[in-house]
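Enquirer: Predicted structure and sequence below. I'll ask about it afterward.
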Amino acid sequence: MPDDAPPGRDARHLALPGIGAAGQQRIAAASALLIGVGGIGCAAASYLASSGVGRLVLSDFDTVDATNLGRQTLYGPGDIGRRKVDVAAERLEQINPDIDISCVAERLTGDALEAAVADVDIVLDGCDNFATRFAVNEACVATGTCLVSGAAIRLEGQLAVFGPDFSTAPCYRCLYEEADESLENCAGNGVLAPVPGVIGTMMAVEALKFIAGLPSPRGRLLLYDAADAAFRSVGVSKKNHCPTCGQH
Ligand SMILES: [Zn+2]
């Protein structure tokens, strides 16, 4: 950009110590894979796009239905029945036409998942089930890719950042060795609409920090209790016998 160009969308990042021109260049050159564009993914993707992350890959096999509209803010009533990735890509292109957005309208598994993870700088997992979370975590450990993981249900949310160095730091499976059914999907449990938005927004914060090179602690799980309007964090230790990152 020439020096006399008027201030643009990145002006506040350029003014921010720790980001600046170098950090914003890293953001523009970065790529992120979003697993799920539901309530969490919509919020995270909006801020990654508005912040100018150069390439976003959206992965979701689902279509928009009316029960999504309260919390999945990239969709409106006219989108019901359409694939979420297609609608999300259109909205994100409106937010920032200068970035590259691609869509995977299927459940990524196995080699395809690992290839998709290997192809990006960071993965944001906002999916709603443990089978996918474990598979995404495995792919991130196998490829040495940073993973930002978030979940929200009822009035509660949680967030953690893992990797990209898994030799001494824990992975998601060190936190949850088995599925925790109390965190399973919000269909039967209910969720207050903005709670996934809080978590998705914080995932975007962590992703941008990682991309720009700002330090961020590992081995911590941040817990949001909306009922008490409180955050707390707990330590997550690396497990030597972790089925994913441990010494076998
Ligand atoms: Zn582990």
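Expert: That came through fine.
Enquirer: use CA for all of it now, contacts and neighbours both
Expert: OK.
Enquirer: Ala15: how many residues sit nearby?
Expert: Residues within reach of Ala15, counting by other C-alpha atoms under 10 Å, total 11.
Enquirer: To clarify, my last question referred to Cys242.
Expert: Cys242 has 18 nearby residues by other C-alpha under 10 Å.
Enquirer: now Ala226
Expert: Look at Ala226: counted by other C-alpha under 10 Å, it has 16 neighbours.
Enquirer: Model confidence for it, exactly?
Expert: The score at Ala226 is 98. That number is its pLDDT.
Enquirer: Once you drop chain neighbours, what's closest to it?
Expert: Leu155 (5.1 Å; C-alpha to C-alpha, 6 or more residues apart in numbering).
Enquirer: next helix or strand past the longest helix seen in the chain?
Expert: Longest helix of the chain, by residue count under DSSP state H: helix 194-212. Remark: after helix 194-212, the chain's next helix or strand is strand 220-225, criterion DSSP states H and E.
Enquirer: Tell me, how many residues neighbour the closest residue to Gly41 other than its chain neighbours?
Expert: Nearest residue to Gly41 in three dimensions, chain neighbours excluded: Gly126, at 5.6 Å (C-alpha to C-alpha, 6+ apart). When neighbours are counted by other C-alpha under 10 Å, Gly126 registers 29.
Enquirer: What pLDDT is listed against the residue nearest to Ala28 when sequence neighbours are not counted?
Expert: Sequence neighbours aside, Gly54 is the residue nearest to Ala28 in space, at 4.4 Å (criterion: C-alpha to C-alpha, 6+ apart). Per-residue pLDDT puts Gly54 at 98.
Enquirer: same check, this time on the one 4 residues further on
Expert: At Leu58, the predicted lDDT confidence score is 98.
Enquirer: Lys239: what's it in contact with?
Expert: Pro170, Cys174, Gly246 (C-alpha atoms under 8 Å, 6 or more residues apart in numbering).
Enquirer: Check which helix or strand the second one maps to.
Expert: When elements are defined using DSSP H and E, Cys174 is found to belong to helix 172-175.
Enquirer: I'd like to know which elements that helix is packed against.
Expert: helix 130-143 (3 or more C-alpha pairs under 8 Å, 6 or more residues apart in numbering; DSSP states H and E).
Enquirer: Please enumerate residues in contact with the helix it packs on?
Expert: Taking C-alpha under 8 Å, 6+ apart as the rule, helix 130-143 contacts 109-110, 113-114, 117-118, 123, 125, 127, 146-147, 163-164, 166, 171-173, 179-180, 184, 244-245.
Enquirer: Separate out the buried members of those residues.
Expert: 113-114, 117-118, 123, 125, 127, 146-147, 163-164, 166, 171-173, 184, 244-245 (16 or more other C-alpha atoms under 10 Å).
Enquirer: show me which of these neighbour the ion.
Expert: Applying C-alpha under 5 Å from the ion, the subset of the buried ones among the contacts of helix 130-143 adjacent to the ion comprises Cys171, Arg173, Cys245.
Enquirer: any idea how far the ion is from the nearest residue to the first one once chain neighbours are set aside?
Expert: Nearest non-adjacent residue to Cys171, counting by C-alpha to C-alpha, 6+ apart: Phe162, 5.6 Å away. In this structure, Phe162 and the ion are 9 Å apart, going by C-alpha to the ion, to the nearest Å.
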